[in-house]
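>>> Make a model of this:
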Amino acid sequence: MKCLAPVFRYSRAALAGLSMAGSLMIGCISSANAAMVSITDPAVRAVPPTSTNTAAFMTLQNKGKDDIKLVGVDSSIAARVEIHGHRHEGHKMVMFKMDDLPLPAGKEVRLESGGYHIMIMGLKKTLKEGEEVPLTLHFSDSDAIDILAPVKPLMETMSKDPHGHMHH
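Numbering: from 1, shown residues only. Modelled structure (predicted):
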């Protein structure tokens, strides 16, 4: 597995063993039964200082043989973090909280503006462009991956449809 960003990978059992040994390995760590999830292009949307909420985006690829789910996300910079989706209701896009996000084996799932994303709510500080936001992604197989997602300007975190229209 290729690391494209600083990543701490552990299973809860492995973490207990590492903690008892007094050290934690940094980098890509995987075990025979660990989910093989790669994370690319993580980003957190920069927001005005008056805003207490923002969103994180990335691409998740399950390189394993079994389907798994993203079941939660944590961050030390916010009161709470949720997995969200969008759906059309009439002429409006409605955002909703999801209990989990399926990651089919061998498939890629994009978290992007106008689709699945991670909502970061109750920010404890103003995020500045270029800072890195710590996020811990929790999976249904009890694995977790820690990443640092850079804070990027609004326009860099907007997705474009095939016709060139911006979505947020």
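>>> and the residue nearest to L60 when sequence neighbours are not counted, how far is that from T50?
Nearest non-adjacent residue to L60, counting by CB to CB, 6 or more residues apart in numbering: V109, 5.0 Å away. Every C-beta, even on glycine, is put in place using the N, C-alpha and C of the backbone. According to CB to CB, to the nearest Å, V109 stands 32 Å off from T50.
>>> who has more neighbours, these two?
More crowded of V109 and T50, by other CB atoms under 10 Å: V109, with 18 against 6.
>>> This protein: strands as residue ranges?
For the chain, the strands defined by DSSP state E occupy 7-11, 37-45, 53-62, 68-74, 78-89, 92-98, 101-103, 108-111, 117-123, 132-139, 143-152, 159-160, 166-167.
>>> I'd like those strands laid out as CSV, including mean pLDDT.
Output for the strands of the chain, formatted as CSV (pLDDT from 0 to 100):
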stretch, mean pLDDT
strand 7-11, 45
strand 37-45, 96
strand 53-62, 96
strand 68-74, 97
strand 78-89, 93
strand 92-98, 90
strand 101-103, 97
strand 108-111, 97
strand 117-123, 97
strand 132-139, 97
strand 143-152, 95
strand 159-160, 50
strand 166-167, 45
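>>> Just list whatever residues bridge to D74.
Under DSSP bridges, the beta-bridge partners of D74 are T136.
>>> How many neighbouring residues does it have?
Residues near D74, counting by other CB under 10 Å: 14.
>>> again with K107
So K107, with other CB under 10 Å, has 12 neighbours.
>>> Can you tell me how far it is from G114?
Distance of K107 to G114, computed by CB to CB: 20 Å.
>>> for L135, same thing?
Distance of L135 to G114, given as CB to CB: 20 Å.
>>> So between those two, which is more surrounded?
A count of neighbours by other CB under 10 Å puts L135 above the other of L135 and G114, at 24 against 16.
>>> L148 versus the more buried one, what's the distance?
Relative to L148, L135 is positioned 8 Å away (criterion: CB to CB).
>>> overlap in contacts of the two?
Listed contacts common to L135 and L148 are P42; contacts here mean CB atoms under 8 Å, 6 or more residues apart in numbering.
>>> Understood, closing this out.
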